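[1] sequence first, predicted model second:
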Amino acid sequence: MSEVPTVLAAEFPPGVESFDFPSLIPALEGTAWAAAFTKVTLLVWIAAAITVIFFLVTYRNPQLVPTKKQWLAESVYGLVRDNIAKDIIGKEGARFAPYLTTVFVFILVNNLWGIFPFAQIPPMSHIAFPMVLAVFSWALYIGVGIRKHGFLGYLKSSVWVSGAPLWVQPILVPIEFFSNLLLRPVTLAVRLFANMFAGHMILLVFTLGGVALFQAESLFIKPVAFLSWGMAIVMTLFELGILALQAYVFTLLTATYLQGSLAEEH
Amino acid sequence: MALAEIAGNLNAIGYGIAALGPGIGVGLVFAAYIQATARQPESAGLTRVYMFMGFAVIEALALLGLVLAFALS
């Protein structure tokens, strides 16, 4: 009891280094490949496996009267297809539903690691993972736009604000170019990353802060530790809402960008 | 002799200021949604998507502040 918390309390103001994990393969420690296989990457692999296996198993033998698992898969797919893809993109949206559903479920499972006992770290709190997902979405909506309007047509539709007076265009075009074609994937990645990073940081602050308070010399400060741990529990529940919301928002914004690429001249 | 001494990182104050605008913005988004829903409850499902979209776009500003607070330290 006396030794373990001492180590924890030394880590009390949690920082960026709280997100670093040692390599699971000891031989790789210290080499350039140290980050290749850590707890975080293991969790991403498991999340990918869960996503793939879940949909494979539930759709292997579809019944007219759905089984429980099939019902779950179909409701997730139906939610994304009807409430995100079709609502935002329109009729054409149904063909993007598989991609959007996969992204949604993958991010959701990944984020759930953040509050899952013993995992307790959301892999998306390392910016590399959201970055890759954002680049996928970015390539997809640009590709779809180019296929629909042609290269120049898409470029024009995404940077040219029709209806604005001609003399404002020199100001608008660079802004639109910057925000529509360059900044979108950045904010997509940063939003997911920062939410998970901040969420994990909040949990660390309350949990480790509780330990630090409990170890305080003064008897009047010690009981405050329980308040801090109680807050950690409340924040875990809050985190559950945030992580589902972020998976939803990522999918929603991808759909919005796709809709922008597919839209006729506006 | 210094009267008072403050230790720590100025980035924390910077992030506090950076959170002001998005805080007001997110508040306005939800206030508008509640008002819209109160006036016309049938539109709740229609406007919910836009609420989340607006929320996500505004929230990105606060999160950029958070990331930069760590990145620039």
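    Looks like it came in fine.

[2] name the element B:Cys31 belongs to?
    Not quite, residue B:31 is Ala, not Cys. helix B:20-39 (DSSP states H and E).

[3] where does A:Pro14 land in three-state SS?
    Each residue gets one of three states, and A:Pro14 gets coil by DSSP: H, G, I helix; E, B strand; the rest coil.

[4] pLDDT wise, what is it at?
    For A:Pro14, the pLDDT comes out at 79.

[5] need the pLDDT of residue 6.
    Going with chain A. 46.

[6] nope, chain B
    We note a pLDDT of 75 for B:Ile6 in this prediction.

[7] show me what the helix holding B:Ala31 is packed up against.
    helix B:44-71 (3 or more CB pairs under 8 Å, 6 or more residues apart in numbering or on different chains; DSSP states H and E). Bear in mind the C-beta positions are built from the backbone N, C-alpha and C, glycine included.

[8] burial of the nearest residue to A:Leu240 once chain neighbours are set aside, as a residue count?
    Spatial nearest neighbour of A:Leu240, excluding adjacent residues (CB to CB, 6 or more residues apart in numbering or on different chains): A:Ile115 at 6.0 Å. Other residues lying near A:Ile115 total 20 when counted by other CB atoms under 10 Å in any protein chain shown.

[9] again, but for A:Val135
    A:Val135 is flanked by 13 other residues according to other CB under 10 Å.

[10] repeat that for A:Leu64.
    4.

[11] where in chain B is pLDDT low?
    B:1 (pLDDT under 70).

[12] what residue in it comes nearest to chain A?
    Closest contact between chain B and chain A, by CB to the nearest CB, is at B:Leu63 (3.6 Å).

[13] tell me where the stretch 151-266 of chain A has helices.
    A:151-159, A:169-177, A:184-214, A:224-262 (DSSP state H, counting those that start in this stretch).

[14] would you reformat those as JSON lines and include mean neighbour count?
    Converted to JSON lines, the helices of the stretch 151-266 of chain A look like this (neighbours: other CB atoms under 10 Å in any protein chain shown):
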{"stretch": "helix A:151-159", "mean neighbour count": "16"}
{"stretch": "helix A:169-177", "mean neighbour count": "13"}
{"stretch": "helix A:184-214", "mean neighbour count": "22"}
{"stretch": "helix A:224-262", "mean neighbour count": "19"}
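
[15] who in the stretch 101-250 of chain A is up against chain B?
    Contact residues, the stretch 101-250 of chain A versus chain B (CB under 8 Å from any CB of the partner chain): A:187, A:190-191, A:193-195, A:197-198, A:245, A:248-249.

[16] would you turn those into JSON lines with pLDDT?
    Listed next are these as JSON lines, based on pLDDT from 0 to 100:
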{"residue": "A:Thr187", "pLDDT": "91"}
{"residue": "A:Val190", "pLDDT": "92"}
{"residue": "A:Arg191", "pLDDT": "92"}
{"residue": "A:Phe193", "pLDDT": "94"}
{"residue": "A:Ala194", "pLDDT": "92"}
{"residue": "A:Asn195", "pLDDT": "92"}
{"residue": "A:Phe197", "pLDDT": "91"}
{"residue": "A:Ala198", "pLDDT": "90"}
{"residue": "A:Leu245", "pLDDT": "93"}
{"residue": "A:Tyr248", "pLDDT": "93"}
{"residue": "A:Val249", "pLDDT": "93"}
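
[17] now for those residues: which two are most distant?
    The distance between the two most remote of those (CB to CB) is 18.5 Å, for A:Phe197 and A:Tyr248.

[18] can you pull the phi and psi angles for the residue nearest to A:Leu240?
    Per-residue torsions, A:Ile115: phi -120, psi 0 (degrees, to the nearest 10).

[19] contacts only, for it.
    Counting by CB atoms under 8 Å, 6 or more residues apart in numbering or on different chains, A:Ile115 touches A:203, A:236, A:239-240, A:243.

[20] and which of those residues is nearest A:Ala164?
    A:Leu243 (39.3 Å).

[21] correct me, but the closest one touches A:Val109?
    No. The pair formed by A:Leu243 and A:Val109 falls short of the contact definition of CB atoms under 8 Å, at 10.0 Å.

[22] ok, now which ones touch A:Phe104?
    Contacts of A:Phe104 by CB under 8 Å, 6+ apart are A:76, A:80, A:84, A:247-248, A:250-251.

[23] if you set the cut-off to 7 Å instead, what comes out?
    A:80, A:247, A:251 (CB atoms under 7 Å, 6 or more residues apart in numbering or on different chains).

[24] related to what we said a few turns ago, so what touches the helix holding B:Ala31?
    Counting contacts by CB under 7 Å, 6+ apart, the residues outside helix B:20-39 that touch it are B:43-44, B:47, B:51, B:54-55, B:58-59, B:61-62.

[25] please consider this matter closed, and thank you.
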